[in-house]
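J.: Quick one: sequence plus predicted model below, questions after.
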Amino acid sequence: MSGLRKTALIASPVLAAAVAVVGVLVLFIAAVANGAAGHEKETTAPPAVPGAAPGTAAGISPVMLSAYTHAAATVRTLRPKCTGMRWSVIAGIGKIESNHAAGRSITASGDISPRILGVRLNGSGAGGNTSTFSDTDHGRLDGDTAYDRAVGPMQFLPSTWNGPSGQDGNGDGVKDPHNAFDAALGTAVYLCGTGTTDLSRTDQLRKAIYRYNHSNTYVDDVTSHIAEYDRLPATGDSTGGSATGRAGAVVNAALAQRGTPYVWGGGSTTGPTKGGYDCSGLMLYAFYQGARITLPRTSQQMRHSGTRVPRSEIRPGDLIVINNDGNWGHVGLYAGNNAMIHAPRPGKTVETTSTSGYWERYDWDVRRVL
């Protein structure tokens, strides 16, 4: 496969499928190499805060951005020996494989339509494929009962997705490579591998990407995009990135869930359940992932957590319990600069909103847990 180069300029679904399969074939069928040759020098990237990301990134839809940040935060529990994972690493792969599912419709829960399918792997030469790969999934993932095709925004082969790489990133109980959250988490798991990996080190990052596609040109292209995304300011929205330390970790864990659907009763210490979060479920997740603090389950119980502080002394990482229904039925997380992160109500997704205006109509209790 040497000499074949993948392009990030995917202009149509047909072209996207054709170019994406080149790297996928190398990724999932060639033997795992010891690493990309010619890059022995060990350097270290800036320290990464798992899940921390800008509020927006040009060319990346809010749901895809949320999928990348959620995967970077979640993979820590699935691959505890893997460090240095950050949203930009997964986004660098997504840029090359599908241009972040550009041109597709993506629901808040991450389902992508129409599906992204690679060329039929029948050895015809299309997309650079000259080998034959017979069907392994009875067409369940790729719609082809004779040959396999690469599937989803991260272009997994069905046989690989049906192994350890297949993940349920949005907590709906289904492992679907056509879902943004599932595919992003599967990519993070694959890049981490099963051993000790530090993706903040340039040499180990390159080796991980090389496992994804045995091409130094591919590695160069992906790392170029990673560097571009790394230069974007984390929490580049109204939060202003003002949270630091344990508070910063809690805030970043919550920010990583933006775009995840509101689901009544959803959310746990490990991530979304039933496909999403309710307001207290989001807080349960953020405080456990960011500071290993287990909060009580409901907003009414959270109102008695920690210590009460006056609104004038509020700081990032404080809980805001809101009496919006006469029963203190809502809770959010203060992120700094008059911004709150919360799961608002059915039909909405996790978002940041101003603490002024709308929320000033209600009574608050500010609780300091950290």
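T.: Received it, and whenever you're ready, just let me know what you need.
J.: Okay, buried residues for stretch 186-199 please.
T.: 186, 187, 188, 189, 190, 191, 192, 193, 197, 198, 199 (16 or more other Cβ atoms under 10 Å). Backbone N, C-alpha and C define where each C-beta goes, glycine included.
J.: In strands, which of the residues you listed fall?
T.: 197, 198 (DSSP state E).
J.: With pLDDT and distance to residue 331 as extra columns, can I get the buried residues of stretch 186-199 in TSV?
T.: Listed next are those as TSV, based on pLDDT from 0 to 100; distance: Cβ to Cβ, whole Å:
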residue	pLDDT	distance to residue 331
186	97	32
187	97	32
188	97	29
189	96	31
190	96	35
191	97	34
192	96	32
193	93	38
197	93	36
198	95	36
199	95	33
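J.: now the buried residues of stretch 186-199 as CSV including distance to residue 246?
T.: Below are these laid out as CSV (distance: Cβ to Cβ, whole Å):
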residue, distance to residue 246
186, 29
187, 28
188, 23
189, 26
190, 30
191, 27
192, 24
193, 29
197, 25
198, 22
199, 23
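J.: Out of the buried residues of stretch 186-199, the closest to residue 155 would be?
T.: Distance to residue 155, by Cβ to Cβ, is smallest for residue 187 among these, at 9.6 Å.
J.: Does the closest one touch residue 71 like I think?
T.: Yes - here residue 187 lies in contact with residue 71, judged by Cβ atoms under 8 Å, at a distance of 7.0 Å.
J.: can you list residues touching both of these two?
T.: Shared contacts of residue 187 and residue 71 (Cβ atoms under 8 Å, 6 or more residues apart in numbering): residue 90.
J.: Please report phi then psi for the residue nearest to residue 323 when sequence neighbours are not counted.
T.: Once flanking residues are discounted, residue 323 sits nearest to residue 363: 4.2 Å by Cβ to Cβ, 6 or more residues apart in numbering. Here is the backbone geometry of residue 363 (degrees, to the nearest 10): phi -80, psi 140.
J.: How many neighbouring residues does residue 363 have?
T.: Other residues near residue 363 number 10, with proximity taken as other Cβ atoms under 10 Å.
J.: just to revisit the earlier point, pick out whichever of the buried residues of stretch 186-199 sits closest to residue 205.
T.: The nearest one, if we look at those relative to residue 205 and count by Cβ to Cβ, is residue 199, at 4.9 Å.
J.: so who does that closest one touch?
T.: 45, 48, 82, 83, 84, 85, 86, 89, 191, 192, 205, 208.
J.: Swap in 10 Å and give it another go.
T.: Counting by Cβ atoms under 10 Å, 6 or more residues apart in numbering, residue 199 touches 45, 48, 72, 82-86, 89, 188, 191-192, 205-209, 226.
J.: cool, and residue 342?
T.: 254, 262, 277-279, 282-283, 320, 322, 330-333, 335, 348, 350-353, 359.
J.: cool, and residue 309?
T.: Contacts of residue 309 (Cβ under 10 Å, 6+ apart): 315, 318, 365, 366, 367, 368.
J.: Which of those has the largest number of neighbours?
T.: residue 318 (23 neighbours).
J.: What count of nearby residues applies to residue 307?
T.: Quick note: residue 307 (other Cβ under 10 Å) scores 8 neighbours.
J.: I'd like the distance between the residue of the chain positioned farthest from its centre and residue 362.
T.: Largest separation from the mean C-alpha position in the chain: residue 326, at 35.9 Å (Cα atoms, centre = their mean). According to Cβ to Cβ, to the nearest Å, residue 326 and residue 362 sit 10 Å apart.
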